[in-house]
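# Need the 3D shape of this:
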Amino acid sequence: MKSVFNLRKVEITEREKNIIDKKLTRLDKFFSDDAIATITISKTRENMNVEVTVSEKGMYFRAERTDKSITACVDEIIDLLIRQIRKNKTRLEKRLYQGVSMNFDNEYIDEDTYEIIKHKKVYLKPMDAEEAILEMNMLGHTFFMFLNEETGNICVAYRRYDGDYGILESEVL
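The predicted structure follows:
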């Protein structure tokens, strides 16, 4: 697995990067060498915010933690990612590995079934991001789907935890 570090308002040493890389090797049994782990580290007041996103073959696994120590965050994140993978083992085998068994320990795996309780049809009208955010706020929602009038792609505007906004834009693989 390849690691990419994004540092925001923080500096870490080469030693700390090596420690994080070594901790990430716990995930190697689940991913191929083509997988990319993006580690984003930022500082908020006295705490460190660490986000790890692992991408492989169009699948993304993401976890985020805030703590005073970077290594404590990374340990918790790795445990969360392993739980995500184990929880969705069957679906992942079908989608990623087409029936090839992944290397799992003989632990109890919670096989949740997802129940769809609501189906809603959305009519998308072409608009720009600012108009979508305005409409989202008027509705009192935390996200809003729209058709980007510039690109023609389906987008989702969302309110982030920090109060800012983000845009997700669709793209066909």
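# only C-alpha atoms for contact and neighbour calcs from this point on.
OK.
# Run through the helices of the protein in chain order.
Here the chain has its helices, by DSSP state H, at 14-24, 70-87, 89-92, 129-139.
# which of these has the lowest average pLDDT?
Per-stretch mean pLDDT for the helices of the chain is lowest at helix 89-92 (a mean of 64).
# just to revisit the earlier point, make CSV out of the helices of the chain and add distance to residue 58.
Shown next, in CSV, are the helices of the chain (distance: least, C-alpha to C-alpha, whole Å):
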stretch, distance to residue 58
helix 14-24, 20
helix 70-87, 15
helix 89-92, 11
helix 129-139, 25
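# want to try TSV for the ones you listed, with mean neighbour count and distance to residue 157 as columns?
Output for the helices of the chain, formatted as TSV (neighbours: other C-alpha atoms under 10 Å; distance: least, C-alpha to C-alpha, whole Å):
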stretch	mean neighbour count	distance to residue 157
helix 14-24	13	32
helix 70-87	17	25
helix 89-92	16	28
helix 129-139	15	6
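# Tell me how far residue 143 lies from residue 132.
9 Å (C-alpha to C-alpha, to the nearest Å).
# Can you check which residues contact both of these two?
The overlap between the contact sets of residue 143 and residue 132 (C-alpha atoms under 8 Å, 6 or more residues apart in numbering) consists of residue 157.
# Just want the most central residue of this protein.
Of all residues in the chain, the one closest to the mean position by C-alpha atoms, centre = their mean is residue 62, 3.1 Å from it.
# I figured that residue hits residue 52, correct?
Yes. If you go by C-alpha atoms under 8 Å, residue 62 and residue 52 touch, sitting 5.7 Å apart.
# circling back to that earlier point, distance of the residue nearest to the centre of the chain from residue 84?
Applying C-alpha to C-alpha to residue 62 and residue 84 gives a distance of 9 Å.
# what's the answer for residue 49, then?
Taken as C-alpha to C-alpha, the span from residue 49 to residue 84 is 20 Å.
# Ok, residue 2 next?
Taking C-alpha to C-alpha as the measure, residue 2 falls 20 Å from residue 84.
# So what sits opposite the residue nearest to residue 152 when sequence neighbours are not counted in the bridge?
The spatial neighbour of residue 152 that comes closest, neighbours along the chain excluded (C-alpha to C-alpha, 6 or more residues apart in numbering), is residue 126 at 7.8 Å. The residues paired with residue 126 through beta bridges, assigned by DSSP bridges, are residue 147.
# cool, residue 55 as well?
When assigned by DSSP bridges, residue 55 has beta-bridge partners residue 36, residue 60.
# Just the local confidence number for the spatially closest residue to residue 37 that is not a sequence neighbour, please.
Counting by C-alpha to C-alpha, 6+ apart, the nearest residue to residue 37 once its immediate chain neighbours are dropped is residue 54, at 4.3 Å. At residue 54 the predicted local distance difference test score is 88.
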